[in-house]
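Engineer: my questions are about this predicted structure, shown below with the sequence.
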Amino acid sequence: MSTTEIERQWTTRLRKRAAGKLPPEKLLPDTQPAYVSSWIYVFGVTTLAALSLVILTGFILSIRGPQWWHSSSIGHFVNSMHLWSVEIFFFAMIVHLWGKFFMAAWRGGRTATWMTGVVTFLASVGAAFTGYVSQTNFDSQWISTQAKDGINATGAGSIFNVLNLGQMLMWHIVLLPLAAVLLTAVHVLLVRIKGVVPPFEEKTGATK
Amino acid sequence: MAFLWSLAAFIPLDNYGHYIHWGVINISVANFIVVVLMIMTFVAALLLPFPGRNRRKGNQ
Ligand code: HEM
């Protein structure tokens, strides 16, 4: 194979692009600018930690299933861990997004970071909703029968039927968590590529 | 554990939820408390000094 052929391969091109945009010292940096030492920067990573716990406890709930999480004390415990991690996840995410809003952290070519955040938020709301209707108890029956009229009125009910437990469970444990985790990964990689947004006084667009 | 259960007895969970009505705004007390806690956390995050900040500055 000639050198030009090697240069034209998609693997070579992709590797060069990835290494150019995200060299190891940018992917896992050892220092951050001084203004990052503030509590407000802790909430992104708190959200990340809470999301990890949500996924982990969700995996455990999947192993044993509804009878287990409704009737055994360890099942109740894991169920509660799942719920409370979600509460912390949303709490931290909202504080995080307020922080980014007031910093106008979309400046300097960071639109995609902000927008992946917005879409992750929407996917997470969907994941929480489908979780509430997948509990398989009176609460989930109540929520789904309350929600159906509103959702059917939008027309979405023709493909998204909140009374269909199987469908809601699939959205809750496959589609929406996958979307949330993938979007979060892109979101965090974008933060690494662009670097933390400088404060207002500094020139926007600077990446250091 | 028994102590925790007795604590739970102070929070009435078998009633209808309480709601705040204020013009077009209609929010449950539970949700309102969470919103207030988020605002307090946000303000605290901006005001409280971050540990190690001075040490880092000294090193630079
Ligand atoms: C699953 C939810 C989310 C996770 C796990 C997450 C995680 C993170 C992390 C770890 C950072 C870097 C550290 C920091 O600045 O806090 C970050 C930065 C950022 N996040 Fe999020 N985030 C989430 C949701 C959101 C949402 C909903 C928004 C806004 C709509 C948002 C907007 C941003 C922006 C604009 C930055 C870049 C900040 C900068 O360059 O200084 N994020 N996120």
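Structural biologist: Thanks, I have the structure now. Residues are numbered from 1 along each chain as shown, chains lettered A, B, ... in the order given.
Engineer: contacts and neighbour counts: CA atoms only from here.
Structural biologist: Will do.
Engineer: what ranges do the helices span in the chain?
Structural biologist: Since you didn't name a chain, this refers to chain A. A:3-8, A:10-21, A:24-27, A:42-64, A:66-71, A:73-102, A:111-132, A:138-154, A:165-170, A:176-194 (DSSP state H).
Engineer: wrong chain, I was asking about chain B
Structural biologist: Taking DSSP H, the helices of chain B run over residues B:2-8, B:29-47, B:53-59.
Engineer: can you lay out the helices of chain A as TSV showing mean pLDDT?
Structural biologist: Output for the helices of chain A, formatted as TSV (pLDDT from 0 to 100):
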stretch	mean pLDDT
helix A:3-8	91
helix A:10-21	95
helix A:24-27	92
helix A:42-64	98
helix A:66-71	96
helix A:73-102	98
helix A:111-132	98
helix A:138-154	95
helix A:165-170	97
helix A:176-194	97
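Engineer: can you redo those as a markdown table with mean neighbour count and distance to residue B:16?
Structural biologist: Listed next are these as a markdown table, based on neighbours: other CA atoms under 10 Å in any protein chain shown; distance: least, CA to CA, whole Å:
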| stretch | mean neighbour count | distance to residue B:16 |
| --- | --- | --- |
| helix A:3-8 | 10 | 67 |
| helix A:10-21 | 12 | 55 |
| helix A:24-27 | 14 | 50 |
| helix A:42-64 | 17 | 29 |
| helix A:66-71 | 14 | 23 |
| helix A:73-102 | 18 | 21 |
| helix A:111-132 | 18 | 19 |
| helix A:138-154 | 14 | 14 |
| helix A:165-170 | 17 | 26 |
| helix A:176-194 | 18 | 31 |
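Engineer: between the ones you listed, which one is nearest to residue B:29?
Structural biologist: Ranking those by proximity to residue B:29 (CA to CA) places helix A:73-102 first, at 16.1 Å.
Engineer: circling back: make a markdown table out of the helices of chain A and add distance to residue B:36.
Structural biologist: A markdown table is the format used below for the helices of chain A (distance: least, CA to CA, whole Å):
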| stretch | distance to residue B:36 |
| --- | --- |
| helix A:3-8 | 57 |
| helix A:10-21 | 41 |
| helix A:24-27 | 36 |
| helix A:42-64 | 17 |
| helix A:66-71 | 32 |
| helix A:73-102 | 11 |
| helix A:111-132 | 20 |
| helix A:138-154 | 25 |
| helix A:165-170 | 31 |
| helix A:176-194 | 26 |
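Engineer: closest to residue B:19 out of those helices?
Structural biologist: Closest to residue B:19 of the helices of chain A, according to CA to CA: helix A:138-154, at 17.7 Å.
Engineer: just the angle between that closest one and helix A:111-132, please?
Structural biologist: Orientation of helix A:138-154 against helix A:111-132 (axes from the mean of the first three to the mean of the last three CA atoms, to 10 degrees) gives an angle of 120 degrees.
Engineer: residue of chain B nearest chain A, please.
Structural biologist: residue B:45 (4.7 Å; CA to the nearest CA).
Engineer: residues contacting that residue?
Structural biologist: A:38-40 (CA atoms under 8 Å, 6 or more residues apart in numbering or on different chains).
Engineer: ok, now residue A:73?
Structural biologist: Contacts of residue A:73 (CA under 8 Å, 6+ apart): none.
Engineer: what stretches of chain B score poorly on pLDDT?
Structural biologist: Applying pLDDT under 70 to chain B flags residues B:1-5, B:8-9, B:53-60.
Engineer: run through the residues of chain A sitting next to chain B.
Structural biologist: Within reach of chain B by CA under 8 Å from any CA of the partner chain, chain A has these residues: A:34, A:37-40, A:91, A:94-95, A:98-99.
Engineer: burial measure for residue B:52, as a count.
Structural biologist: Look at residue B:52: counted by other CA atoms under 10 Å in any protein chain shown, it has 10 neighbours.
Engineer: any chance of the helices of chain A in JSON lines, with distance to the ligand too?
Structural biologist: Listed next are those as JSON lines, based on distance: least, CA to the nearest ligand atom, whole Å:
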{"stretch": "helix A:3-8", "distance to the ligand": "33"}
{"stretch": "helix A:10-21", "distance to the ligand": "16"}
{"stretch": "helix A:24-27", "distance to the ligand": "12"}
{"stretch": "helix A:42-64", "distance to the ligand": "3"}
{"stretch": "helix A:66-71", "distance to the ligand": "25"}
{"stretch": "helix A:73-102", "distance to the ligand": "4"}
{"stretch": "helix A:111-132", "distance to the ligand": "3"}
{"stretch": "helix A:138-154", "distance to the ligand": "23"}
{"stretch": "helix A:165-170", "distance to the ligand": "20"}
{"stretch": "helix A:176-194", "distance to the ligand": "5"}
